[in-house]
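**Student:** got a predicted structure here, sequence first:
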Amino acid sequence: MASRDRRSYLLIYVAIFGALSIVLSSIRVSFPLGNPNLGSTPVSIAAAASPGFAAFAVGLIKGIGVSLWTGQALIEIPAGIGDGMMGILTSWLSRRINPVLAVAVGQLSRYLFTSGMIAVSLALSKAYPGFLEAWIAMVPAITASVIVNLALSAAAVAGLQRFYPSIFRRF
């Protein structure tokens, strides 16, 4: 595939999955700290099917878009950066192991990346007395989010592997 075609596909992937991540973020459950939503599912799918930088861009789009939508920039932008970091890991793993397993490991890494970025943001802004307190307060919300997003992402990637396997060889 020509370089120009690859760039076009990547731009389309990033736009579609970025928009999906913003829309799916509206499906959420309120917790005391954090709102588990389905926004990281498109990041995981994009990561399994495209290079890491594209998945990171989808995570950034999610973070910025959802922060504009909800007005919670202190939580959503760091969450988008953390999800982008999860996307880079998932993309790297999907080239080395089964993409479904890579998505599962990537979603579990959100305990480190996503909640870690949010905890750093809250600690630096003095919204919580420290990093550890903020991170512990997020464990219920991140656990609910990881469970649901892991199940949906793994099912979607498994379906793509079965019915549209060429998507994993495109880039």
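**Tutor:** Nice, thanks for sending it over. Numbering: from 1, shown residues only.
**Student:** buried ones in stretch 47-54?
**Tutor:** 47, 48, 49, 50, 51, 52, 54 (16 or more other CB atoms under 10 Å). For glycine as for every other residue, the C-beta is placed from the backbone atoms N, C-alpha and C.
**Student:** meant to ask about stretch 50-70, not that
**Tutor:** 50-52, 54-67.
**Student:** those residues in helices, which ones?
**Tutor:** Among the buried residues of stretch 50-70, the members found in helices (DSSP state H) are 52, 54-67.
**Student:** any idea which of those residues is the one closest to residue 125?
**Tutor:** Nearest to residue 125 out of these is residue 67 (CB to CB; 13.8 Å).
**Student:** for the worst-scoring helix or strand of the chain on mean pLDDT, C-alpha coordinates in PDB please.
**Tutor:** When the helices and strands of the chain are scored by mean pLDDT, DSSP states H and E, helix 3-24 comes last with a mean of 88. Taking C-alpha atoms only, helix 3-24 is exported to PDB below (Å, rounded to 0.1, in the frame of the first residue of the first chain):
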ATOM      1  CA  SER A   3       2.400   5.800   1.800                       C
ATOM      2  CA  ARG A   4      -0.300   8.300   0.800                       C
ATOM      3  CA  ASP A   5      -3.100   5.600   1.100                       C
ATOM      4  CA  ARG A   6      -1.700   4.600   4.600                       C
ATOM      5  CA  ARG A   7      -1.900   8.200   5.800                       C
ATOM      6  CA  SER A   8      -5.400   8.500   4.500                       C
ATOM      7  CA  TYR A   9      -6.500   5.300   6.300                       C
ATOM      8  CA  LEU A  10      -4.900   6.400   9.500                       C
ATOM      9  CA  LEU A  11      -6.600   9.800   9.400                       C
ATOM     10  CA  ILE A  12      -9.900   8.100   8.800                       C
ATOM     11  CA  TYR A  13      -9.300   5.600  11.600                       C
ATOM     12  CA  VAL A  14      -8.300   8.300  14.100                       C
ATOM     13  CA  ALA A  15     -11.400  10.500  13.100                       C
ATOM     14  CA  ILE A  16     -13.900   7.600  13.300                       C
ATOM     15  CA  PHE A  17     -12.500   6.100  16.500                       C
ATOM     16  CA  GLY A  18     -12.000   9.500  18.100                       C
ATOM     17  CA  ALA A  19     -15.600  10.400  17.400                       C
ATOM     18  CA  LEU A  20     -16.800   7.000  18.700                       C
ATOM     19  CA  SER A  21     -14.800   7.500  21.900                       C
ATOM     20  CA  ILE A  22     -16.400  10.800  22.600                       C
ATOM     21  CA  VAL A  23     -19.900   9.500  21.900                       C
ATOM     22  CA  LEU A  24     -19.400   6.300  23.900                       C
END
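**Student:** many thanks, we can stop here.
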